[in-house]
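Asks: Sequence and predicted structure below; questions after.
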Amino acid sequence: MNDLFIRAACMEWAAVPQSSYLWGINAIAGVDRIDFDSPVTCFVGENGSGKSTLLEAMAVSAGFNPEGGTKNYSFSTFDSHSELCGSMRLVKGVKKPRWGYFLRAESFYNVATAEEEYSRMGGTPQHLHEKSHGESFLATAQSNFRPGGLYFLDEPEAALSPQRQLTLLREIYTCAQAGAQFFMVTHSPILLGLPGAAILSFDEGPIHPIAYEDTDSYQITSLFLSDRKRILRDLLAE
């Protein structure tokens with residue numbers, strides 16, 4: 001039995017205006033339902049393929065602020081989320097998550113500022129602006145990742161060194177083993193290598209499962225590391 005918090009995402013495309021840019025995103029346009037069967041689901045694909053658009057819509061449908069944070073965060077620096085949020089329905093499991101967080105690299109500065117303001121009303125301040133971007137990003141993940149939680153991560157590798165990506169991978173794996181569920185947009189071959197993660201590709205037609213070794217992130221990185229001099233010679237000679 002699938003006992004995940006979110007079992008599927010259903011889209012009602014009749015509610016999306018024909019003028020919307022969403023119809024031009026090949027990976028998701030017209031897709032009625034996406035099923036999930038793993039505690040960790042990764043979205044991969046080229047820039048602009050719709051990964052973050054879908055992740056954001058799912059996070060907002062699950063009750064999170066579009067710019068990130070916990071469900072208690074309520075602020076807006078720039079209203080940019082798509083119409084997909086209003087046409088989406090999440091198929092939820094019997095269990096409810098005990099905690100959750102929407103962590104996105106794009107608007108993390110705004111979330112750190114909001115956290116500082118909220119901490120003045122009570123709670124323990126994290127002083128995120130006093131840390132480096134990578135340190136504050138990882139600290140936020142570590143302080144919010146808990147067993148039985150629901151998490152949406154949008155390109156978390158953007159702020160992290162390879163070593164810290166391994167640290168994040170361990171945090172995700174440990175929490176997933178203890179009943180948490182993660183959805184993650186990533187280009188990182190390190191994070192994509194998490195054991196048991198389901199990988200969904202947004203390239204070459206409608207969204208579909210893909211093996212780790214078939215992702216561009218793995219293949220291009222592997223090719224570069226195994227034959228760096230030739231790759232650079234050919235690339236820079238063009």
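Replies: Everything's here; your move.

Asks: host element of the closest residue in space to L103 that isn't next to it in sequence?
Replies: Nearest non-adjacent residue to L103, counting by CB to CB, 6 or more residues apart in numbering: L153, 5.0 Å away. (C-beta placed from N, C-alpha, C; glycine too.) Using DSSP states H and E, L153 falls within strand 149-154.

Asks: and that strand, what does it pack onto?
Replies: Counting contacts by 3 or more CB pairs under 8 Å, 6 or more residues apart in numbering; DSSP states H and E, strand 149-154 is packed against helix 51-61, strand 99-104, helix 162-177, strand 181-185.

Asks: pLDDT (mean, whole number) over that strand?
Replies: Strand 149-154 shows a mean pLDDT of 95.

Asks: likewise stretch 171-180?
Replies: Averaging pLDDT along stretch 171-180 yields 96.

Asks: Kindly report the same for stretch 95-113.
Replies: Mean predicted lDDT for stretch 95-113 stands at 72.

Asks: For the residue nearest to L103, give me its contacts.
Replies: Shown in contact with L153 (CB atoms under 8 Å, 6 or more residues apart in numbering): L103, R104, A141, F182, F183, M184, V185, T186.

Asks: quick one, phi/psi of the closest residue to G30 other than its chain neighbours?
Replies: Spatial nearest neighbour of G30, excluding adjacent residues (CB to CB, 6+ apart): W13 at 6.0 Å. Main-chain dihedrals, W13, degrees, to the nearest 10: phi -70, psi -20.

Asks: residues near W13, how many?
Replies: Using other CB atoms under 10 Å, W13 is surrounded by 16 other residues.

Asks: got any ranges where the protein has weak pLDDT?
Replies: In the predicted model of the chain, residues 1-2, 72-82, 105-134, 238 satisfy pLDDT under 70.

Asks: If you drop the residues flanking it in sequence, what lies closest to E157?
Replies: Using CB to CB, 6+ apart and skipping residues adjacent in sequence, the residue nearest E157 is S188, 3.8 Å away.

Asks: residue boundaries of the helices in the protein?
Replies: Remark: helices assigned in the chain by DSSP state H are 51-61, 108-119, 133-144, 162-177, 189-192, 216-226, 228-237.

Asks: isn't S52 right up against F183?
Replies: No: contact between S52 and F183 fails when scored by CB atoms under 8 Å: they sit 11.1 Å apart.

Asks: out of those two, which sits in the more crowded spot?
Replies: F183 (24 against 19).

Asks: residues touching the more buried one, list them.
Replies: By CB under 8 Å, 6+ apart, the neighbours of F183 are I6, F36, T41, F43, L55, M58, A59, Y151, F152, L153.

Asks: can you list these in TSV and add distance to T174?
Replies: Formatted as TSV, the contacts of F183 follow (distance: CB to CB, whole Å):
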residue	distance to T174
I6	20
F36	20
T41	17
F43	21
L55	22
M58	23
A59	22
Y151	13
F152	18
L153	15
